[in-house]
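# Please find the sequence and the predicted model below.
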Amino acid sequence: MISGMDAEYTALLAEARDLWALIRLQFQNLLLPSRLWQVAILVAIFAAAHLVAAIARPRMREWMRGLENRPTWQLRLLLTINRRLRLLVFTVLVWIAVWIAREASPFPSRSFLLALAASLALAWVAVIFAARLVRNPVLRSVVRWGLWVYVTLVVLGVADEVGGALDGVAFSFGSFRLSVLTIIKAVVILSALFIVARFVAAGSAERIRRNEEISPSMRVLAVKVLQIVLYGAAFFIGLKVVGVDLTGLAVLSGAIGVGLGFGLQKVVSNLVSGVIILLDKSIKPGDVISLGETFGWVGTLGARYASVTTRDGKEYLIPNEDLITGQVVNWSHSNTFVRLDITFGTAYGDDPHKVRRVAIEAASAVERVLTTRPPVCHITGFGNSSVDYILRFWITDPAGGLTNIRGNVYLALWDAFQEHGISIPFPQREVRVLNDAIRVEDGLAKGEG
């Protein structure tokens, strides 16, 4: 007596043998003596396509080097054509051979093998260009090879038999049955839906970013919400189409969510902080901020962190939680006006009224210093060797740097003081060695005695 497991295994083995017999029969049918001349033609066409591609590919690359100003999508298309030139030439030549064979013979079945090869080649070419829609290289390769296998089975006419064999390899969990065919369908459908969602999200995000009526922070928030909605809808629709019970999935995802909530507190905190930042508009892309020793402008606001680029080209990824809980100086929160202070000192012999006037004129002549908000200069104290001043001026482009504008103002003060005879004193000290003086006086006293 055969057990249930043995019976299922025997049935699967029988189906696999039938499928292999069908495939073997198809190939034997293709290699009948009456069709060997078509095989010879296909070999000749492949050799000709290989020769044409070997000659034309380097010349095409040289021609493409002069097209650097073309749009990126055109360059990618030309690069794909260059890489697949042999298959493209083979497809064109084999279709020409099919047309000639059908015109020369009144029996289309005699050119069956050529027509089959032409259909396969055309389908493979279509798959190559369709796979270019996927940006990720690894995912693109998976999609390309998967579609190649599928269209090959469809053209050969064994897709239903292969599908039945794959559906027979299954695992049962209570009332839920999971087969290899179901897994493949889920991967294909989810991949297709995610690709569609990515295109819709990219197009919608571009329109949102170009809308000047929406604030920058709300644009980022709208793009993030749109992406979450589209990708989430693609995921659940894909599972529903495949036939997965979403009720059980909801219970399972709830249990997993509770467990992950305890282990991912920081991640969740950063996500919530990112939403708060986007809603209260305290920080937005393009703002100039300083957090601790980091000074730069905000490039992007992500779900977990904010990208801040400094003047020296470094890009800091600051967690959103730090922007909420820490003290952040936003130089351009409500407006772009920034006041800068520099200090200096002059000698006591210089007229302080003249010094203030010359300093204000020198600062006003520096590029980036505002004249609508004129600089001011005040005396802050009388030091040990100089009269101390503070010079204050305004700029509206803190992203252009603060150290460089301070340096330019200091240089303008130096040139103006040199021109007007104003001196900048420096401390001087006199050192007297008292012990040597005492020894000299004692020696003179002893000599006189």
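Structure received. Numbering: from 1, shown residues only.
# thought residue 311 was touching residue 295?
Yes - the pair residue 311 / residue 295 is scored as a contact, 7.5 Å apart, by Cβ atoms under 8 Å. (Glycine included, C-beta is placed from N, CA and C.)
# the more surrounded of those two?
It is residue 295, of residue 311 and residue 295, that has more neighbours when counted by other Cβ atoms under 10 Å, with 19 against 14.
# and the host helix or strand of the more buried one, what does it pack onto?
Taking DSSP states H and E as the criterion, residue 295 maps to strand 294-301. Counting contacts by 3 or more Cβ pairs under 8 Å, 6 or more residues apart in numbering; DSSP states H and E, strand 294-301 is packed against helix 216-242, helix 265-280, strand 288-291, strand 305-310, strand 315-319.
# Output the ones you listed in TSV; the columns should cover mean pLDDT and mean neighbour count.
TSV is the format used below for those (pLDDT from 0 to 100; neighbours: other Cβ atoms under 10 Å):
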stretch	mean pLDDT	mean neighbour count
helix 216-242	77	16
helix 265-280	76	16
strand 288-291	82	20
strand 305-310	84	19
strand 315-319	85	16
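# out of those, which comes closest to residue 371?
strand 288-291 (21.7 Å; Cβ to Cβ).
# Okay, now the sheet partners of that closest one, with direction.
strand 294-301 (antiparallel), strand 329-330 (antiparallel) (DSSP bridges).
# Which one, of those strands, ends up nearest to residue 404?
strand 294-301 (12.7 Å).
# what distance separates the strand or helix carrying residue 40 from the centre of its chain?
According to DSSP H and E, residue 40 maps onto helix 36-64. Relative to its chain's centre, helix 36-64 lies at 38 Å (Cα atoms, centre = their mean, to the nearest Å).
# Buried ones in that helix, by neighbour count?
Buried residues in helix 36-64, counted by 16 or more other Cβ atoms under 10 Å: 38, 41, 42, 45, 46, 49, 52, 53, 64.
# Now for residue 88, how many residues are close by?
Using other Cβ under 10 Å, residue 88 has 19 other residues around it.
# measure it to residue 76 for me?
Residue 88 sits 16 Å away from residue 76, going by Cβ to Cβ, to the nearest Å.
# what comes up buried for the top helix by length along the chain?
Secondary structure of the chain per DSSP state H: the longest helix is helix 180-210. Residues 181-182, 184-186, 188-191, 193-195, 197-198, 201, 205, 208 are the ones in helix 180-210 that count as buried (16+ other Cβ under 10 Å).
# how far does it sit from the chain's center?
17 Å.
# still on that earlier bit, following the chain onward from the helix holding residue 40, which element is next?
Toward the C-terminus, helix 36-64 is succeeded by helix 72-83 as the next helix or strand (DSSP H and E).
# what inclination does that next one have with respect to helix 36-64?
140 degrees (axes from the mean of the first three to the mean of the last three Cα atoms, to 10 degrees).
# helix or strand right after helix 72-83?
By DSSP H and E, the next helix or strand past helix 72-83 is helix 85-104.
# Can you name the residues in contact with that following helix?
Residues from elsewhere that reach helix 85-104, judged by Cβ atoms under 8 Å, 6 or more residues apart in numbering: 41-42, 45-46, 48-50, 52-53, 56-57, 60, 81, 108, 110-111, 114-115, 117-118, 121-122, 124-125, 128.
# where does residue 284 fall, helix, sheet strand or coil?
coil (DSSP: H, G, I helix; E, B strand; the rest coil).
# how near is it to residue 344?
36 Å.
# One more: residue 195?
63 Å.
# just residue 101 next, same as before
The value you get for residue 101 to residue 344, if Cβ to Cβ is used, is 93 Å.
# Ok, residue 219 next?
Distance, residue 219 to residue 344, by Cβ to Cβ: 44 Å.
# Could you do residue 130 as well?
Taking Cβ to Cβ, one finds residue 130 at 69 Å from residue 344.
# more crowded one of these two?
Using other Cβ under 10 Å as the criterion, residue 130 and residue 344 rank with residue 344 on top: 19 against 13.
# which residues are in contact with the helix or strand hosting the more buried one?
Element membership for residue 344, per DSSP H and E: strand 338-346. For strand 338-346, contacts defined as Cβ under 8 Å, 6+ apart pick out 331-332, 352, 355, 359, 380, 383, 385-396, 398, 402, 405-406, 409-410, 413, 417, 422-425.
# how close does the closest residue to residue 241 other than its chain neighbours get to residue 182?
Nearest in space to residue 241, with sequence neighbours left out and distances taken as Cβ to Cβ, 6 or more residues apart in numbering, is residue 189 at 5.5 Å. Per Cβ to Cβ, residue 189 is found 10 Å from residue 182.
# try residue 211
Relative to residue 182, and taking Cβ to Cβ, residue 211 is found at 42 Å.
# surely residue 380 meets residue 389?
Yes - taking Cβ under 8 Å as the definition, residue 380 is a contact partner of residue 389 at 6.4 Å.
# So those two - more neighbours on which side?
Shown here are residue 380 and residue 389; by other Cβ under 10 Å, residue 389 has more neighbours (20 against 11).
# list the buried ones in the host helix or strand of the more buried one?
Assigned by DSSP H and E, residue 389 belongs to strand 387-395. By neighbour count with 16+ other Cβ under 10 Å, strand 387-395 contains the buried residues 387, 389, 391, 392, 393, 394, 395.
# any idea how far the residue nearest to residue 422 when sequence neighbours are not counted lies from residue 74?
Nearest residue to residue 422, sequence neighbours excluded (Cβ to Cβ, 6+ apart): residue 350, at 5.0 Å. Using Cβ to Cβ, residue 350 is found at 67 Å from residue 74.
# Looking at the two, which has the bigger crowd around it?
residue 350 (19 against 11).
# is it true that residue 426 lies in a strand?
No - counting by three-state DSSP, residue 426 is not part of a strand but coil.
# Just to check, it is in contact with residue 383?
No - when contacts are counted by Cβ under 8 Å, residue 426 is not listed as touching residue 383 (11.4 Å).
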